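**Student:** Sequence and computational prediction follow.
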2 protein chains.
Amino acid sequence: MDAPKISIYDTTLRDGSQGEGISFSVNSKIRVAQKLDQFGVDYIEAGWPGSNPRDLAFFEEARNLKLQHAKIAAFGSTRRANVDVEEDPQLRLLLDAETPVVTIFGKTWLLHVEKVIRTTGAENLAMIEDSVRFLGSQGREVIYDAEHFFDGYKDNAEFALDTLRAANRGGAEYLVLCDTNGGTQVHEVDEIVTEVRKQLPDVRVGMHCHNDCGLGVALSLAGVRAGAVQIQGTINGYGERNGNANLTSIIPNLALKFEREMNCAANIKKLRDLSLYIDDLANQRPDIRAPYVGASAFAHKGGVHADAASKVARSYEHIDPALVGNRSRVLVSDMSGRSSIMMKAREMGVDLESRSPELKTFLEELKDLEFRGYEYESADASFKLLLDKFLHGRKDRINLKGYRAMISEEIHSERELYSEATVKISVDGSESHTVAEARGPIGALDHALRKALSPIYPFVEEMRLVDFKVRIVDSKEGTDAKIRVQVESTDGSRSWGTVGASENIVEACWEALKDAYEFKILLEETGGEEVEKASRRIAVEA
Amino acid sequence: MDAPKISIYDTTLRDGSQGEGISFSVNSKIRVAQKLDQFGVDYIEAGWPGSNPRDLAFFEEARNLKLQHAKIAAFGSTRRANVDVEEDPQLRLLLDAETPVVTIFGKTWLLHVEKVIRTTGAENLAMIEDSVRFLGSQGREVIYDAEHFFDGYKDNAEFALDTLRAANRGGAEYLVLCDTNGGTQVHEVDEIVTEVRKQLPDVRVGMHCHNDCGLGVALSLAGVRAGAVQIQGTINGYGERNGNANLTSIIPNLALKFEREMNCAANIKKLRDLSLYIDDLANQRPDIRAPYVGASAFAHKGGVHADAASKVARSYEHIDPALVGNRSRVLVSDMSGRSSIMMKAREMGVDLESRSPELKTFLEELKDLEFRGYEYESADASFKLLLDKFLHGRKDRINLKGYRAMISEEIHSERELYSEATVKISVDGSESHTVAEARGPIGALDHALRKALSPIYPFVEEMRLVDFKVRIVDSKEGTDAKIRVQVESTDGSRSWGTVGASENIVEACWEALKDAYEFKILLEETGGEEVEKASRRIAVEA
C-alpha cells in the first residue's frame, strides 16, 4: 500500500475531560492509558501539567508506566510573550512532566493574538518557533497544535501559514491543524488542507477537529484525503461543548472503508470493548446509537428490514459487526412483526412456528406488558425468562410471599439513616424468612433476598449489581408516575439486563432484582449456549 | 440568491420510530406533526399504513389536521412483482390514507431484486414506473425513494440510473437517493450525486442518509453541494441502528453556514425548543452533546477557554448560540478554575472578587461536595441555593426534624402495595408534622412535604416533578453504592434542576426534592432576573 500510515493521537484524558460530566481520577487515567496502549494508539495526550494538581499527579505516576507502543504526551502552550523560553514557568512544568512527547498549541488567528494574548504577530511567530525549538533541544518530540487554524486561515491565510512555517523551523514533528471552534465545513477542509500541503509539501500534517456542526468525523476524514497523516480525537467523542472528533468512528472508517494502515488496525475487533471500558471509567452511560460500537449500531426493529436481513446477510448492514467486536440484534417492541419476534426467539435458541397460536398469544402478552411500562429492548435476560415461562411453562424458582422495607431518618443529636427489609419467599417448596439491613432499601432487599437464596443456590454469592437505571415512563404524573427500572448484573464473567416496572420505585427495583437472580439460576441450571445468548461476555481486564 | 431552495422532508414519525427505544402514541404523533408544521418543515412522513394499526389510526385522525404549510406523506413500497397496480393491496392502503403525498421506495440494487424480492431487473423497473404513475393518476404527489442507491450504483451504475429514469418517467416529483445501509463515504456521495445530476439534469434529487459511519450530516450536506434540493432526515437523528441524518444539525448548517434558503429557516431560533419537545414526546433523555441544540453545545469548562471567552466574544463559539435558541454556559466542576466559578456566579447575579477568601472557601466546599457524590453541572438551582447559603448566609426555609417512609408488599389473597411517609419539619419557626401516602415512597414523601408547606407557601401547589434521573456514582459497591438523584421540577412556566446524593436512594431523592421546593420559595420570594437564570423558561405549547 502506498498511502502513508496514519498516526492516531488520543486526547481523551486531556481534551476529552473538558466534556460536561467527564472526569477521571488519577487511577482511572492510568487505566485509560494502559487500555489505549493495548489497543495500539500511537500517542496518548494525558493532561496539562500547568492546569490542575490531578494532571501533575498523573505524570508523576506515569513515569513508572510500562507501555508497549504508545508515547505519552504532555500538553501546554507556547511560552508567554516577551519572556525567554528558559524562564517560562509553564514550559518548565511541561519538561518536569518527563514525557517523551510534548504538544504545545500556539495562536494562528490574528484576532486572538491581538485581543486574547495581546501581543504582535511577529512576537507570536517567535513564541512558536522558540518554544518548539527549546522543547526539542531538551530531548522531547514536539507536536505543534495550530489553534483556530481554519478560522485564522480564512481571516489571514498568509499569517496562518507563517505560524506553521515557524513551528516547522523550530523542528515540530507534526503540524496539527485545529478546528478549535468546530465551525468549519467539509469542503473548506478539503480546500485549505490541500493548499497547506501545496505550500508546505515536506511537513507532516495532523487534524484536530470538533463536533460542533456534527461533522467531527467527516472533517477528520476529509483531512486524511487531502494528505493529513495524524488524527487527534477522543474515544467516544468526549470533549468540550459537542465533543472532539470521535476516534471510535474515525478508526473503523479509516481501517475498513479507506483501507489505510494504522498501528491499531490490528486490534479493531476490540473497538467496542475499548469504547465500553472508557465509558465505564468515565462513568458515562454508553451511547447506544454510537456508530460501529453502539449497542444499537446493528439492531433491527423494522419488520421489513428484519425480514430482508434474514434473507440476505449484509442486506441492511454495511459491515460485518464482528469486525469491530459488535453484533446484530433484533429488537422486540410492540411494533415488532412476527418475524422480529421469531428471530429474537431464535437468537435465544427457541424455534417458533410462524403461524403458531403460541406466537400470537405471546405477542399479545408482550404488548400488554409493554403497555404497563416494561421494555425488553435492553433486558434480554427478562425476555428470555418470559419466553421460557410462556412457551415452556418454566416456573419461577423464587416465589414471593411478601416483603417490607422501611427507611427512617430521625434527628436527635445527630442524623441516623437506616433501612431494614424483610423478605418471605418459598424456594423449591421450602419457605424462608430473612431480614437484612443496608444504607438503602434496595440494598436491604437485595441482601435479604440473597440471604434467603444462598443456602440453596450458593452461586448467587458471585453476583453483583453493576448499574441500575430509573426512567419515568409517563412523566405527566410526577412522583406517582410509572417507573421503569433496568438492572445490569454480573457474575464476573457475564453481565445481563433485567427490567421491572411499577408506580413504586422499590417494587420496580424488586422485580428487576428478582429477575436478575432468576436468570442467574437459569444460567447455572441450564448452562447452555442458548441461555448465554441472553447475556454478554464482559471485558476481562488486563 | 441563485441557489435553489432546499426542501426539508422529516421522517421522525416513520423512519425515526425504527430507532431503539423510540415509539410514539397516536396522540403524540399528532402533536409531533403539528410542531413540525409550526417549525416550517415541508414534508412530514408520518407512517406506513401497511405496517401497523397505530399508523392506520394516525392517518384516520390526520385527515382533520389543519396544517399551515407542511404536507403529510404516507410511506410504502412499489407494487409487488407480477401484480397489476390496481390489484396491489399495499398501494390501496397508501391511497386509503388520503394524504396529499405518497412516498414509495423501490429497489436499486440488483442483489436485492434477485435475492430479496426475487424478480428480474426488467420487472423491477416496471414496478417502479407503474406504481409512481398510478399513484400520480390518483391525484397524489409522488416522491420516489431509491433504496440502497449508493450500494446499487457501485455494483451496477447503469441499472441504478435506470431505476431513477423509470421513476422519472412515472412522474415522481423528487428522486431521493438513499444510503440505506449508511456505509457510504462523503467523497463517494460527491462523485455519484454529481454523476446523477449529469445523467438526469432535469430531475429534482433528494438525499436520505443514515449515521452508521458517523457521517449522516456530512453526506446530506455533500449531496446539497452536488445539487440535491431535498433532505430527508429526523429530528435529533432518531432512526434504525445509529439513526437517520440529523435534521437538527443539517438545518442550521444549511441556514447559517451554507446560507441556503429553506421554508423553516425563519424559525431556526426555535430549533432547540423543537429538539426538546420531540425528545419529550419520544420519552428520550436529551443528548447534551447534540450539535447546535444540546445543553452542552456552548458549555465551557476549561479554564483557558472560559477565560478567553470572557475576553473575546465568539472566541470559542462558532455561532451566536441565540441563533438556534441555545445559550452559553459555564460548567462548574472540580476542574474549574476560579474564572469559571466567577463567571458561573456572575451568570447567577453574584459578583465574586477574584482574590476573595470567600471564593477560595467556596471552591473547597464545592470540591468536598463533589467528592461526596453531588454534581452541579445540570443542577443550576441547587448551585444557586448553595451559593446563596454560602455567600449570603441564606437560611433554608425547610428545616428537617425527621422523616420515615415505609413500603410493604404482603400477599394474602391479592397483592397490596403501599407506601406511607411521615415528615416532621419546622418552617419559619413553626413545626408541622404531616403524613401522606402514595404508590411509592418518594411520592409519599413529596406529598407529605407539600402538605406541610402549602399552608405557608400556597404556590408550591403549582409545582410538579417532571423527571428524575438516578445514577450510581461508584458502581463498585452494587446496591450499597453512592447514588446521585437529579430532579427536574416545573411550575408550568419554568423548570429547574436539583441534586441529591446518598447511599440511600430515598434520602438522595429527599434532598433533591427539598432543594426543588427551596428553589421555588426562592423564586417567589426574590423573583428577580438573577434567580430566574438558574431556571429555564419552558416551551409553551401551541
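**Tutor:** That came through fine.
**Student:** which ones are touching the residue in the stretch 1-150 of chain A positioned nearest to chain B?
**Tutor:** Of all residues in the stretch 1-150 of chain A, A:E20 sits closest to chain B, at 4.3 Å by CB to the nearest CB. All C-beta spots, glycine's among them, are computed from the backbone N, C-alpha and C. Taking CB atoms under 8 Å, 6 or more residues apart in numbering or on different chains, we find A:E20 in contact with B:288-289, B:295-296, B:299, B:301, B:331, B:377.
**Student:** What of A:S454?
**Tutor:** A:460-461.
**Student:** For it, give its distance to A:R494.
**Tutor:** 19 Å (CB to CB, to the nearest Å).
**Student:** Could you list the low-pLDDT ranges of the stretch 201-350 of chain A?
**Tutor:** Residues of the stretch 201-350 of chain A that meet the criterion pLDDT under 70 lie in A:302-314, A:332-341, A:343, A:349.
**Student:** Of the contacts of A:E20, which is the nearest to B:V205?
**Tutor:** Using CB to CB, B:R289 comes nearest to B:V205 of these, at 31.3 Å.
**Student:** That closest one contacts B:F298, correct?
**Tutor:** No: the criterion here is CB atoms under 8 Å, and B:R289 misses it with B:F298 at 11.6 Å.
**Student:** The residue of the stretch 101-250 of chain A found nearest chain B: how many residues sit nearby?
**Tutor:** Of all residues in the stretch 101-250 of chain A, the one sitting closest to chain B is A:G183 (2.6 Å; CB to the nearest CB). A:G183: 21 surrounding residues under other CB atoms under 10 Å in any protein chain shown.
**Student:** Can you say which helix or strand has it in it?
**Tutor:** A:G183 is part of no helix or strand when elements are defined by DSSP states H and E.
**Student:** any chance you could read off phi and psi for it?
**Tutor:** phi -100, psi 0 (degrees, to the nearest 10).
**Student:** From B:N211, how far off is it?
**Tutor:** With distances taken as CB to CB, A:G183 is found 20 Å from B:N211.
**Student:** got the residues of the stretch 1-150 of chain A near chain B?
**Tutor:** Applying CB under 8 Å from any CB of the partner chain, we find that the stretch 1-150 of chain A lies next to chain B at A:17-21, A:23, A:51-52, A:54, A:111-112, A:115-116.
**Student:** what about burial for the residues you listed, which qualify?
**Tutor:** Neighbour counting with 16 or more other CB atoms under 10 Å in any protein chain shown marks A:17-21, A:23, A:51-52, A:54, A:111-112, A:116 as buried within the residues of the stretch 1-150 of chain A next to chain B.
**Student:** Mind checking which of these are in strands?
**Tutor:** Members of those lying in strands (criterion: DSSP state E): none.
**Student:** which one among these gets closest to B:E511?
**Tutor:** Proximity of those to B:E511 (CB to CB) peaks at A:G21, which lies at 19.5 Å.
**Student:** Contacts only, for the closest one.
**Tutor:** Contacts here follow CB under 8 Å, 6+ apart; on that basis A:G21 touches A:283-284, B:288, B:375, B:377.
**Student:** and it, what pLDDT?
**Tutor:** Confidence at A:G21, expressed as pLDDT, is 80.
**Student:** got it, and the one 4 residues further on?
**Tutor:** The predicted local confidence for A:S25 comes out at a pLDDT of 78.
**Student:** since we're on it, how many residues are nearby?
**Tutor:** 12.
**Student:** who's in contact with it?
**Tutor:** A:R54.
**Student:** Ok, A:I8 next?
**Tutor:** Per CB under 8 Å, 6+ apart, neighbours of A:I8: A:40-43, A:230-231, A:233, A:247, A:251, A:262-264.
**Student:** can I assume it sits in a helix?
**Tutor:** No: assessed with DSSP: H, G, I helix; E, B strand; the rest coil, A:I8 is strand; it does not lie in a helix.
**Student:** Would you check how far apart it and A:I44 are?
**Tutor:** In terms of CB to CB, A:I8 sits 10 Å off from A:I44.
**Student:** The residue in the stretch 201-350 of chain A positioned nearest to chain B: neighbouring residues, count only.
**Tutor:** Nearest residue of the stretch 201-350 of chain A to chain B: A:H318, at 2.6 Å (CB to the nearest CB). Number of residues near A:H318 (other CB under 10 Å) recorded here: 22.
**Student:** is it true that it lies in a strand?
**Tutor:** No: A:H318 sits outside any strand when classified using three-state DSSP, being coil.
**Student:** Nearest residue to it in space, please, no chain neighbours.
**Tutor:** Nearest residue to A:H318, sequence neighbours excluded (CB to CB, 6 or more residues apart in numbering or on different chains): B:G183, at 2.6 Å.
**Student:** isn't the one you found right up against A:Y316?
**Tutor:** No: counting by CB under 8 Å, A:Y316 is not a contact partner of B:G183; they are 10.3 Å apart.
**Student:** Who are the contact partners of A:R260?
**Tutor:** Counting by CB under 8 Å, 6+ apart, A:R260 has contacts A:1, A:3, A:5-6, A:224, A:254.
**Student:** Give me the buried subset of those.
**Tutor:** Neighbour-count burial (16+ other CB under 10 Å) applied to the contacts of A:R260 gives A:6, A:224, A:254.
**Student:** just checking, what packs against the one helix or strand A:V487 maps to?
**Tutor:** Assigned by DSSP H and E, A:V487 belongs to strand A:483-490. On a contact count with 3 or more CB pairs under 8 Å, 6 or more residues apart in numbering or on different chains; DSSP states H and E, strand A:483-490 meets strand A:464-472, strand A:494-502, helix A:505-526.
**Student:** Out of the ones you listed, flag the one nearest B:R31.
**Tutor:** strand A:464-472 (18.5 Å).
**Student:** Relative to A:L363, how far out is the residue nearest to A:F362 when sequence neighbours are not counted?
**Tutor:** Nearest residue to A:F362, sequence neighbours excluded (CB to CB, 6+ apart): A:F390, at 5.3 Å. Distance, A:F390 to A:L363, by CB to CB: 10 Å.
**Student:** Now do the SS call for the closest residue to A:A322 other than its chain neighbours.
**Tutor:** Closest residue to A:A322 apart from its sequence neighbours, by CB to CB, 6+ apart: A:K269 at 7.2 Å. At A:K269 the chain is in helix, as set by three-state DSSP.
**Student:** Counting neighbours, what do you get for A:K269?
**Tutor:** Using other CB under 10 Å, A:K269 has 12 other residues around it.
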